[in-house]
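S.K.: Attaching a predicted model along with its sequence, questions to come.
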Amino acid sequence: MAEAIRPPMEGARILIADDEPPIRKACAKILSEQGAVVEVAENGLEGLERAKAREFDLALIDLKMPQMDGMELLEHLNRLDPDLVKIVITGFATLETAVEAVQRGAYDYLSKPFTPGELRTRVNRGVEKRALLREAKKLREERERNLLELTTEKIRTQTIIQCMGDGLLVTNRDRQVVLCNPAGRRLLKIKRPLQVGDPLTSVAGCPEFVELVESAMNLKEGQEMTSREISPASPADPVLMANCAPVKDEKGQIMGVVTVLRDITSLKELDKAKSTFVSLVSHELQAPLAAIEGYLDVILEGPGVKDRQKVQKILERCRERTSGLLALIQDLLAISRMQAGRIVRGKEKLQLSALLREVSELLRGAALERNIEINLELAEDLPPVSANREDLTRVFTNLVDNAIKYNRPGGKVFLRAKAVEGFLRVEIQDTGIGIALPEREKIFDEFYRVKAKETQGIAGTGLGLSIAKKLLEAHNGQIEVESKWQEGSTLRVLLPL
Amino acid sequence: MKRSPKILIVDDDPDFIEIGRLSLEGKGYQILSASTGREGWEMVQKERPDLVILDLMMEDLDAGMTLSHKIKTDPRYADTPILMLTSIARETGMDFTPRTEDDFRKLKVDDFHSKPIKVKTLLAKVEKLLARREDPESG
């Protein structure tokens, strides 16, 4: 009810343009009494000036004025503010002029003479009209702003969908595709341009996918989504994980299905690599244990082994295989420590020449047993490398140990170290059996061991080189091999200075 | 007196050869060994063993299969029983384990066991295969 108490004209800004002072004054007085803020002009020109200077809600315009008449002012004001309410005052109460004025944008007209009551009524109505116009304008502007925001939001969502790494596919109730982002097209191997309404069966390469979307359309109460791994049609295609969720309308009716596709190929590959590794490890652990068990069976159950010396030989072989097994487990532990994404800790400034001397000293006994000579050719004043002492000792022990083991009796091992172009280069050269070309790439693989007559009976886990390679890579270093079958091999290690 | 049967073990695992030799020699068999399929074939021709114990995977993935095929398709040795041993089924996913008579025929072997094999099992299988050879009607 507050609206009713407040007069409509309260605070309304009203312009009165009339060349007759008594009318001007009377009108101004009556309207001011109603709470309006009034300005007056003696002619059309002055009226226009005032209208340009500030905004009015309503203008009372006498049609007959000097300098610029009411009709002309009317037109100027139309251009200035189309929502300004204009009421014309006319002395010749002819229908024609009134109609013309309305055609030119006037809202109403007053014929002279008029009573204060008539004036109040007309102006009140005019001011109300103005309020409505303002309100409509506000709403119009608001709507435009909302539309703009909506468009911006739509564009933003579209951009997100377009550049998502996961594939997005939306299908409707009729199993037609309504949206598919670039990732979705890539993952589903869709080459041709998609049309909204293409049937899902023509887009999805495999029946599994169609089944999944179908099951999402028929989810039980309480289930929100369904997912499945989609195996590739050909081995070159990615393995996909598809998550499907139904889209419902406000009544809970299923309108379609949103499917998010993720490429899980690399995860599957990792998983497979892990299984292969576990299987290889199991085999490597089984072999020595099976041998030991076999020997024990022979002694405990076998009929013929009464010979004390034979038993001794068997037990020695069992011990050999046991130590091999322990060495393997140590190597496996070393690998598991490295695979846990370990960063090299405890780096220190290492003098490699000292470390290499220690390693060769450590293995001198094993070399002597096979009558192998270790030659050190270490450059003077080698710059120190920043590395973990334990890691590099393991690397070079593995490499020199190999150079001794895979050598011929009476052979030689050369250990060279030199600084070259920002790297420290260490070479371990042997005069052994060498590595044939097809095997050269594989020697750094886990458990890979060269099978040949010459390597039979050489103990090893098949992990030494792969551990060396991993440790060096963790130090930003690298290892490469050069070899000639039956002449020997050179392993070259580069460590950044 | 009957001569003791000659058994050829073809395997690239020296421990397996040694265990086989020790346990079978104790039973009075005469043991020969070879560590590759090629050596094995030379031995078969030279020594004409009464039984061959054969590892499937040696220098090549199917070295054992190649050798068993050679033996079984050569009329001179075709009746030599073959015991095939392997551990590859699990690691490679290639399951060669024969299950039917037809599988055995295709593999050209008389018996099959996966590695590791218990000494007791090995002795039992060898005895059975040799008995069958002496009295083919019972096989």
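M.R.: That came through fine.
S.K.: Get me the contact residues on chain B for chain A.
M.R.: Neighbours of chain A within chain B, by C-beta under 8 Å from any C-beta of the partner chain: B:12-16, B:18-19, B:22-23, B:25-27, B:35, B:59, B:87, B:90-91, B:115-116, B:118-120. All C-beta atoms are positioned from the backbone trio N, CA, C, and that covers glycine.
S.K.: and the residues you listed, which are buried?
M.R.: Buried by 16 or more other C-beta atoms under 10 Å in any protein chain shown: B:12-13, B:15-16, B:18-19, B:22-23, B:25-26, B:35, B:87, B:115-116, B:119, out of these.
S.K.: Now intersect those residues with the helices, please.
M.R.: Using DSSP state H, the members of these that fall within helices are B:15-16, B:18-19, B:22-23, B:25-26, B:119.
S.K.: tell me the least confident of the residues you listed?
M.R.: Note: of these, the lowest pLDDT belongs to B:G26, at 85.
S.K.: For the closest residue in space to A:L296 that isn't next to it in sequence, what are phi and psi?
M.R.: Counting by C-beta to C-beta, 6 or more residues apart in numbering or on different chains, A:C318 is the residue found nearest to A:L296 once chain neighbours are left out, at 7.3 Å. As for A:C318, its main-chain torsions (degrees, to the nearest 10) stand at phi -60, psi -40.
S.K.: dump the residue contacts of the closest residue to A:A98 other than its chain neighbours.
M.R.: Nearest non-adjacent residue to A:A98, counting by C-beta to C-beta, 6+ apart: A:Y109, 4.7 Å away. Neighbour list for A:Y109: A:87-90, A:98, A:101-102 [criterion: C-beta atoms under 8 Å, 6 or more residues apart in numbering or on different chains].
S.K.: Output the below-cut-off pLDDT ranges for chain A.
M.R.: Within chain A, the segments meeting pLDDT under 70 span A:1-7, A:92-93, A:302-305, A:339-344, A:453, A:456-457.
S.K.: Chain B now?
M.R.: B:1-2, B:59, B:61, B:87-107, B:134-139.
S.K.: all strands for it, in order.
M.R.: B:6-10, B:30-34, B:51-55, B:82-86, B:111-114 (DSSP state E).
S.K.: Contacts for the first one, please.
M.R.: Going back to what we said before, that points to strand B:6-10. B:16-17, B:20-21, B:24, B:29-37, B:39-40, B:43-44, B:47-55, B:58, B:64, B:67, B:126.
S.K.: and with 7 Å instead?
M.R.: Residues outside strand B:6-10 that contact it (C-beta atoms under 7 Å, 6 or more residues apart in numbering or on different chains) are B:17, B:20, B:24, B:29-34, B:37, B:40, B:43-44, B:47, B:49-55, B:67, B:126.
S.K.: Quick one, which of these are buried?
M.R.: B:17, B:20, B:24, B:29, B:31-34, B:37, B:40, B:43-44, B:49-55, B:67, B:126.
S.K.: got a list of what B:I71 touches?
M.R.: B:44, B:52, B:77, B:80, B:82.
S.K.: Now with 10 Å, please.
M.R.: Contact analysis of B:I71 by C-beta atoms under 10 Å, 6 or more residues apart in numbering or on different chains lists B:8, B:40-41, B:44-45, B:49, B:52, B:54, B:77-82, B:108-109.
S.K.: quick one, domains of chain A?
M.R.: A:2-139, A:164-263, A:268-339, A:347-496 (automatic domain parsing).
S.K.: Throw those domains into JSON lines and include distance to A:R145, thanks.
M.R.: Listed next are those as JSON lines, based on distance: least, C-beta to C-beta, whole Å:
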{"stretch": "domain A:2-139", "distance to A:R145": "10"}
{"stretch": "domain A:164-263", "distance to A:R145": "26"}
{"stretch": "domain A:268-339", "distance to A:R145": "50"}
{"stretch": "domain A:347-496", "distance to A:R145": "57"}
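S.K.: Just give the number of residues close to the closest residue to A:P199 other than its chain neighbours.
M.R.: With sequence-adjacent residues excluded and distances taken as C-beta to C-beta, 6+ apart, A:P199 is closest to A:Q176, at 5.7 Å. Neighbours of A:Q176 under the rule other C-beta atoms under 10 Å in any protein chain shown: 18.
S.K.: ok, now how distant is A:Q176 from chain B?
M.R.: For A:Q176, the distance to chain B equals 41 Å [C-beta to the nearest C-beta, to the nearest Å].
S.K.: I'd like to know the phi and psi angles of that residue, please.
M.R.: With angles defined as degrees, to the nearest 10, A:Q176 sits at phi -110, psi 150.
S.K.: do the same with A:I479
M.R.: The phi and psi values for A:I479, taken as degrees, to the nearest 10, are phi -140, psi 140.
S.K.: contacting residues for it?
M.R.: A:395, A:399, A:426, A:428, A:444, A:465, A:468-473, A:491-495.
S.K.: Mind checking which of these are in strands?
M.R.: A:426, A:428, A:491-495.
S.K.: Buried members of those into ChimeraX, please.
M.R.: Per 16+ other C-beta under 10 Å, the buried members of the ones in strands among the contacts of A:I479 correspond to this ChimeraX selection:
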select /A:426,428,491,493,494,495
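S.K.: Go through the ones in strands among the contacts of A:I479 and name the one nearest A:S202.
M.R.: Of all the ones in strands among the contacts of A:I479, A:L494 has the smallest distance to A:S202: 54.8 Å, by C-beta to C-beta.
S.K.: Look up how far chain A lies from the residue most central in space within chain B.
M.R.: Compute the mean C-alpha point of chain B, and by C-alpha atoms, centre = their mean the closest residue is B:I53, 2.0 Å away. Using C-beta to the nearest C-beta, B:I53 is found at 13 Å from chain A.
S.K.: Am I right that that residue is in contact with B:D13?
M.R.: No - the pair B:I53 / B:D13 is not scored as a contact, 11.8 Å apart, by C-beta atoms under 10 Å.
S.K.: Which neighbours do the two have in common?
M.R.: Here B:I53 and B:D13 share the contacting residues B:20, B:85, scored by C-beta under 10 Å, 6+ apart.
S.K.: Find the closest residue to chain A in chain B.
M.R.: Using C-beta to the nearest C-beta, the single residue of chain B nearest to chain A is B:G26, 2.7 Å away.
S.K.: Can you classify the most centrally placed residue in chain A as helix, strand or coil?
M.R.: Nearest to the geometric centre of chain A sits A:G165, at 6.1 Å (C-alpha atoms, centre = their mean). Per DSSP: H, G, I helix; E, B strand; the rest coil, the local secondary structure of A:G165 is coil.
S.K.: Backbone torsions only: list them for it.
M.R.: Taking degrees, to the nearest 10, you get phi -70, psi -30 for the backbone angles of A:G165.
S.K.: Who are the contact partners of the nearest residue to it once chain neighbours are set aside?
M.R.: Spatially, and ignoring its direct neighbours in sequence, A:G165 is nearest to A:A183 (6.0 Å; C-beta to C-beta, 6+ apart). The contact partners of A:A183, by C-beta under 10 Å, 6+ apart, come to A:161-169, A:260-263.
S.K.: now A:I161: how far from A:S202?
M.R.: According to C-beta to C-beta, to the nearest Å, A:I161 stands 22 Å off from A:S202.
S.K.: scratch that, A:S234
M.R.: In this structure, A:S234 and A:S202 are 19 Å apart, going by C-beta to C-beta.
S.K.: Show me which of the contacts of A:A183 are buried.
M.R.: Neighbour counting with 16+ other C-beta under 10 Å marks A:161, A:166-169, A:260-263 as buried within the contacts of A:A183.
S.K.: Now tabulate those residues in JSON lines and tack on distance to chain B.
M.R.: Compiled in JSON lines, the buried ones among the contacts of A:A183 are given as follows (distance: C-beta to the nearest C-beta, whole Å):
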{"residue": "A:I161", "distance to chain B": "41"}
{"residue": "A:D166", "distance to chain B": "32"}
{"residue": "A:G167", "distance to chain B": "31"}
{"residue": "A:L168", "distance to chain B": "36"}
{"residue": "A:L169", "distance to chain B": "34"}
{"residue": "A:V260", "distance to chain B": "32"}
{"residue": "A:L261", "distance to chain B": "28"}
{"residue": "A:R262", "distance to chain B": "27"}
{"residue": "A:D263", "distance to chain B": "25"}
